[in-house]
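1. Next come a sequence and a model predicted from it.
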Amino acid sequence: MNETLRTAQGDGLPSSGRPSRRTVLAAITASTGAAVPLLSAASAEATPYRSDDLLYIGTWGRNQVHAVRFDPARGSMTPLGSVAEVSSNWLVVHPTRPVLYVAAGEQGGAIRVFRIDDATGSLRQTGEIQAQEAPGVSGGLSYIGLNDRADTLLVADFSAGSAATVPVGVPGGLEAVASRVHDTGSGPNPRQAGPHPHHVVVDPGGRFTLVADFGADRVFVYDYDRATHRMSAGTPDGPGSYATAAGSGPRRLAFHPDGRWVYLLNELTADIEVLGWDGRRGTLTSRQLLTTNAPGHTGTTSAAELAVSRDGRHVYVSNRGDNSLVVFSVDPSTGLLTEAQRLPCGGVTPWSFSLHPDGRWLFVANEVSSTVNLFRVDPRSGRLTDTGTSVSVPNPDCIGIRSSHGRF
């Protein structure tokens with residue numbers, strides 16, 4: 001293992017016609033320097049506590065993190081501009097601490113830790129680790145997220161074909177990489193020459209980690225130890241796995257709140273699968289397959305983001321080929337899906353979206369049109385309404401929410 005850990009001293013809070021992912025990542029690597037300068041947020045009222053929220057937005061290939069002030073009572077968004085000049089393939093906000101984690105696209109797989117100033121939205125870097133085992137691997141990380149206890153950072157390294165776990169300290173800082181696993185396999189698509197993990201989640205029982213591997217057409221199931229934050233193959237024969245259709249490109253996973261079902265979104269075929277989950281044996285069983293494409297769809301096929309409502313009654317998907325959002329209703333007894341709504345995403349290429357913690361709002365990162373668009377969520381029907389409100393952010397790829405309700 002060749003991880004490095006750098007923490008600030010004295011601080012308790014530590015498609016078609018477009019460039020390929022490899023080309024973009026290489027450009028990011030070439031343009032990213034060793035220094036990480038920070039920019040202050042645009043002026044905001046300096047009060048010790050605010051009841052509105054902060055959105056932190058990664059930018060694909062732009063080496064910036066932007067901030068937006070959001071008022072959930074009024075449904076208004078106020079841009080604060082760039083608050084950090086740093087590569088930002090993906091980011092996640094700690095659910096209770098004023099901490100932001102940012103995954104880089106440069107060599108080494110850097111994950112940087114920032115302290116959030118709730119009054120101004122500005123960021124101050126307090127730590128950094130290198131997530132990749134081999135520092136010479138080109139490209140960077142495709143995803144980082146936190147488990148339900150927020151004590152482990154889960155890392156998908158698309159370029160290196162590996163997934164990792166990183167313990168999170170009580171103040172929110174990152175420790176050294178605790179475990180790393182390497183997927184195997186490939187698929188028929190030219191983008192599937194080898195394994196490419198795209199998403200990592202821990203099951204509700206806390207015994208397994210599931211890795212959606214875009215390149216291998218597999219969902220790998222690894223053992224997980226909560227006490228040590230480690231994942232492992234579990235048996236000499238390697239990890240368990242669920243095989244998707246050849247060339248499907250698994251991208252996103254989401255558990256239903258009752259823990260019996262898993263929803264899997266495949267990028268290349270733009271379909272969603274309902275999988276049964278056996279939490280004792282760590283096995284997945286196919287139960288339903290639905291397209292997210294519009295009837296008569298032609299051209300690029302690319303699904304992107306997936307989320308389940310907090311009450312488990314609805315599933316949301318973004319489709320980059322159709323520039324659409326799709327809402328599915330969930331059968332409470334079987335977990336099976338029925339399409340309930342399809343609507344435009346408000347821009348071009350909905351790379352990702354985030355549901356607000358109160359369940360009433362959805363923010364869409366439209367990467368090509370460089371906008372973050374706001375949708376209202378009907379809590380009863382799950383249906384979305386485009387509010388017409390948006391903010392300009394250069395090539396947004398993901399959105400993290402620092403909610404005022406979770407602060408202490």
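-> Now that the structure is in, tell me what you want to look at. Numbers count the residues shown, from 1 in each chain.
2. buried stuff in stretch 308-320?
-> Within stretch 308-320, the residues that count as buried by 16 or more other CB atoms under 10 Å are 308-309, 313-320. C-beta: built from backbone N, CA, C; applies to glycine.
3. Pull the most distant pair out of the residues you listed.
-> R313 and R320 (25.2 Å; CB to CB).
4. And S88, which helix or strand is it part of?
-> Assigned by DSSP states H and E, S88 falls within no helix or strand.
5. Which element, helix or strand, includes the closest residue to it other than its chain neighbours?
-> Distances taken as CB to CB, 6 or more residues apart in numbering place G58 nearest to S88, at 3.6 Å, with adjacent residues excluded. Assigned by DSSP H and E, G58 belongs to strand 53-59.
6. what's the spacing between A245 and E273?
-> Separation of A245 from E273 (CB to CB, to the nearest Å) stands at 9 Å.
7. Comparing these two, which residue is more hemmed in?
-> Per other CB atoms under 10 Å, whichever of A245 and E273 has more neighbours is E273, with 24 against 15.
8. List the beta-bridge partners for the nearest residue to the more buried one once chain neighbours are set aside.
-> Once flanking residues are discounted, E273 sits nearest to L264: 4.4 Å by CB to CB, 6+ apart. Here L264 sits in beta bridges with L253, E273, as judged by DSSP bridges.
9. Contacts for stretch 220-232 next, please.
-> 149, 151-152, 163, 165-167, 178-179, 181, 183, 202-203, 206-211, 213, 233-234, 239-242, 282-284 (CB atoms under 8 Å, 6 or more residues apart in numbering).
10. Would you report which members of the residues you listed are assigned to strands?
-> The strands, defined by DSSP state E, take in 152, 163, 165-167, 179, 181, 202, 208-211, 213, 240-242, 283-284 from these.
11. Narrow the residues you listed to just the buried residues.
-> Taking 16+ other CB under 10 Å as the criterion, what is buried in those is 152, 163, 165-167, 179, 181, 202, 208-211, 213, 240-242, 284.
12. about what we covered before: how many residues are close by the residue nearest to S88?
-> If you count neighbours by other CB under 10 Å, G58 ends up with 28.
13. At the geometric centre of the chain, which residue do we find?
-> Computing the C-alpha centroid of the chain and ranking residues by CA atoms, centre = their mean puts Y143 first, at 5.2 Å.
14. That one contacts H198, correct?
-> Yes. Y143 lies in contact with H198 (CB atoms under 8 Å); the separation is 6.3 Å.
15. Helices of the stretch 301-408 of the chain, start to end?
-> Ranges of helices in the stretch 301-408 of the chain, per DSSP state H, counting those that start in this stretch: none exist.
16. Spell out, range by range, the strands that occur in the stretch 1-150 of the chain.
-> Along the stretch 1-150 of the chain, the segments classed as strands by DSSP state E, counting those that start in this stretch run 5-7, 53-59, 65-71, 76-84, 90-93, 99-103, 110-116, 123-130, 143-146.
17. Please tabulate those strands in a markdown table, including the columns mean pLDDT and distance to G194.
-> Output for those, formatted as a markdown table (pLDDT from 0 to 100; distance: least, CB to CB, whole Å):
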| stretch | mean pLDDT | distance to G194 |
| --- | --- | --- |
| strand 5-7 | 38 | 28 |
| strand 53-59 | 98 | 25 |
| strand 65-71 | 98 | 30 |
| strand 76-84 | 98 | 32 |
| strand 90-93 | 98 | 20 |
| strand 99-103 | 98 | 20 |
| strand 110-116 | 97 | 22 |
| strand 123-130 | 96 | 21 |
| strand 143-146 | 98 | 17 |
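18. any chance of those strands in a markdown table, plus distance to R376?
-> Rendered in a markdown table, the data for the strands of the stretch 1-150 of the chain read as follows (distance: least, CB to CB, whole Å):
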| stretch | distance to R376 |
| --- | --- |
| strand 5-7 | 41 |
| strand 53-59 | 15 |
| strand 65-71 | 13 |
| strand 76-84 | 12 |
| strand 90-93 | 22 |
| strand 99-103 | 26 |
| strand 110-116 | 26 |
| strand 123-130 | 29 |
| strand 143-146 | 25 |
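19. so where's this structure uncertain?
-> For the chain, the stretches with pLDDT under 70 are 1-50, 135-139, 405-408.
20. go with 50
-> For the chain, applying pLDDT under 50 flags the ranges 1-49, 408.
21. quick one: contacts for V274?
-> Contact partners of V274, counting by CB under 8 Å, 6+ apart, are 261-263, 286-289, 335-337.
22. Which of these are buried, as a PyMOL select command?
-> Entered in PyMOL, the line below selects the buried ones among the contacts of V274, by 16+ other CB under 10 Å:
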select buried, resi 261+262+263+288+289+335+337
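23. count of neighbours near A103?
-> A103, neighbours per other CB under 10 Å, totals 27.
24. hang on, it packs against L141?
-> Yes. Between A103 and L141 there is a contact at 4.0 Å, judged by CB under 8 Å.
25. overlap in contacts of those two?
-> Residues touching both A103 and L141 (CB under 8 Å, 6+ apart) are 89-90, 109, 111, 131, 155.
26. tell me the secondary structure for the closest residue to G312 other than its chain neighbours?
-> Nearest residue to G312, sequence neighbours excluded (CB to CB, 6+ apart): P257, at 4.2 Å. Under DSSP: H, G, I helix; E, B strand; the rest coil, P257 falls in the coil class.
27. and stretch 285-304, how far from the chain's centre?
-> 20 Å (CA atoms, centre = their mean, to the nearest Å).
28. got the CA positions of that stretch in PDB?
-> The C-alpha coordinates for stretch 285-304 follow below in PDB (Å, rounded to 0.1, in the frame of the first residue of the first chain):
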ATOM      1  CA  THR A 285     -31.900 -11.900  -7.900                       C
ATOM      2  CA  SER A 286     -33.400 -10.400 -11.100                       C
ATOM      3  CA  ARG A 287     -37.000  -9.400 -10.700                       C
ATOM      4  CA  GLN A 288     -37.800  -6.700 -13.400                       C
ATOM      5  CA  LEU A 289     -36.200  -4.800 -16.200                       C
ATOM      6  CA  LEU A 290     -37.600  -1.600 -17.600                       C
ATOM      7  CA  THR A 291     -36.200   0.900 -20.200                       C
ATOM      8  CA  THR A 292     -35.800   4.600 -19.200                       C
ATOM      9  CA  ASN A 293     -35.800   5.600 -22.900                       C
ATOM     10  CA  ALA A 294     -38.800   7.400 -24.400                       C
ATOM     11  CA  PRO A 295     -40.900   5.400 -26.900                       C
ATOM     12  CA  GLY A 296     -39.300   5.500 -30.300                       C
ATOM     13  CA  HIS A 297     -36.000   6.800 -28.900                       C
ATOM     14  CA  THR A 298     -33.100   7.000 -31.400                       C
ATOM     15  CA  GLY A 299     -29.600   8.200 -31.100                       C
ATOM     16  CA  THR A 300     -27.400   8.200 -28.000                       C
ATOM     17  CA  THR A 301     -28.500   5.900 -25.100                       C
ATOM     18  CA  SER A 302     -27.200   7.000 -21.700                       C
ATOM     19  CA  ALA A 303     -28.800   6.700 -18.300                       C
ATOM     20  CA  ALA A 304     -27.000   8.600 -15.500                       C
END
